[in-house]
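Asker: Build me a model:
(one chain, ligands or ions: 1)
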Amino acid sequence: MNILYLEKVSYQRENKTILKNVNLTVNESDFIIVTGPSGSGKSTLLKLLNNLISPTKGRIVYRGKSMEEYNPVELRQNISLCFQTPYLFGRTVFENMVFPFNIRRKNIDKSMIHSLLKNLDLKEEILHKDIKNLSGGEKQRVSLARTLLFKPDILLLDEITSALDEENTLKVENIITKLNNEGVTIIWVTHNKEQAERLGTRRIHIAGGTVSEVKA
Ligand SMILES: Nc1ncnc2c1ncn2[C@@H]1O[C@H](COP(=O)(O)OP(=O)(O)OP(=O)(O)O)[C@@H](O)[C@H]1O
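Answerer: Modelled structure (predicted):
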C-alpha cells in the first residue's frame, strides 16, 4: 500500500531549480536508499518529506492528506528525520532521552531508554554526561536512540553513519534493518557505495534535479 507520494514536485531556491518534476511513490515497509552526487538535492528531498520546506510546485501526500494539512509537530512524530550532524539540546544526554516522553505526556520508561542505549553500544553512564563532552559518533548514536524511542511510521536518515567506525556503522544498520522488518518505512541517504549495496529494497538516484529509480 502506498503511504506517501510526490506528484510533480519541484523545488527552487534563489532562482535555482534543485529538484524538478519529481514523481515518487513510497510503499509501506519500503527500504529506499538514496544516492547522488554532492549538492544534487538528497537532503532537500528529505527536508521536503519532513515538511521542513515546501515544494515550489506539485504536492506531497502522506496517508491520504497533503503535507500542509498536518500539524507539523504531529507530522514529525510520524515522519522522523535524523541529520548528518546530530542535533542535541539541553545539558545532558538524559535530558535528550526524556524529551520524547515529555512531549507525548508519557511516563518516562527507563528500561526502554537503557535497552536502546545498549543496542547502540552506549553505556548507561552516558546519560549523565554533558553533551559537550561526547564524541561525534556518540552524539550520532544518542540522537538516533532519542528518535527511536517511539517508532516513527517513516524514518528519514541523512548520512547518519558517516562519523561512525565500521563496527558501529554495522550496528546501526542492523537496528535500522530490524525496524524495517517490524514495518517502519526507511528512506536512507548515503554516499557509501558498500552501504548502498548492502541495504535497501529499492534505490533511487538524484542527479541534475531529476529523481530516478535504479533497477536492481
Ligand atoms: N540553505 C541553503 N541556501 C542556499 N542553497 C542551499 C541551501 N541548502 C542547500 N542549498 C543548495 O541546494 C542544492 C542541494 O543541496 P542538498 O543539501 O540537498 O544536496 P545533497 O545532495 O544532500 O548534498 P550532499 O551530498 O553534499 O550533502 C545545493 O546546490 C546546495 O548548494
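
Asker: all strands of this structure, in order?
Answerer: Using DSSP state E, the strands of the chain run over 2-13, 16-27, 31-35, 57-62, 65-66, 79-82, 154-158, 185-189, 202-207, 210-214.

Asker: Just the local confidence number for the most centrally placed residue in the chain, please.
Answerer: Central residue of the chain (C-alpha atoms, centre = their mean): Leu156, 2.3 Å from the mean position. If you check Leu156, the pLDDT there is 97.

Asker: Now for it: which residues touch it?
Answerer: 46, 49-50, 79-82, 187 (C-beta atoms under 8 Å, 6 or more residues apart in numbering). All C-beta spots, glycine's among them, are computed from the backbone N, C-alpha and C.

Asker: ok, back up a step: let me have the strands of the chain in JSON lines, adding distance to Leu148 as columns.
Answerer: Formatted as JSON lines, the strands of the chain follow (distance: least, C-beta to C-beta, whole Å):
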{"stretch": "strand 2-13", "distance to Leu148": "19"}
{"stretch": "strand 16-27", "distance to Leu148": "20"}
{"stretch": "strand 31-35", "distance to Leu148": "16"}
{"stretch": "strand 57-62", "distance to Leu148": "20"}
{"stretch": "strand 65-66", "distance to Leu148": "25"}
{"stretch": "strand 79-82", "distance to Leu148": "8"}
{"stretch": "strand 154-158", "distance to Leu148": "8"}
{"stretch": "strand 185-189", "distance to Leu148": "12"}
{"stretch": "strand 202-207", "distance to Leu148": "22"}
{"stretch": "strand 210-214", "distance to Leu148": "27"}
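
Asker: which one of these lies closest to Pro72?
Answerer: With C-beta to C-beta, the closest approach to Pro72 among the strands of the chain belongs to strand 79-82: 10.3 Å.

Asker: picking that back up, output the strands of the chain as JSON lines; include the columns distance to the ligand.
Answerer: Shown next, in JSON lines, are the strands of the chain (distance: least, C-beta to the nearest ligand atom, whole Å):
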{"stretch": "strand 2-13", "distance to the ligand": "5"}
{"stretch": "strand 16-27", "distance to the ligand": "5"}
{"stretch": "strand 31-35", "distance to the ligand": "9"}
{"stretch": "strand 57-62", "distance to the ligand": "16"}
{"stretch": "strand 65-66", "distance to the ligand": "22"}
{"stretch": "strand 79-82", "distance to the ligand": "12"}
{"stretch": "strand 154-158", "distance to the ligand": "7"}
{"stretch": "strand 185-189", "distance to the ligand": "7"}
{"stretch": "strand 202-207", "distance to the ligand": "6"}
{"stretch": "strand 210-214", "distance to the ligand": "11"}
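
Asker: nearest to Phe101, of those strands?
Answerer: Nearest to Phe101 among these is strand 79-82; the distance by C-beta to C-beta comes to 15.2 Å.

Asker: Give me the sheet partners of the closest one and which way each runs.
Answerer: Strand 79-82 sits in its sheet next to strand 154-158 (parallel), going by DSSP bridges.

Asker: Strand 57-62 and the partner strand, what's the angle between them?
Answerer: Inter-element angle recorded for strand 154-158 and strand 57-62: 120 degrees (by axes from the mean of the first three to the mean of the last three C-alpha atoms, to 10 degrees).
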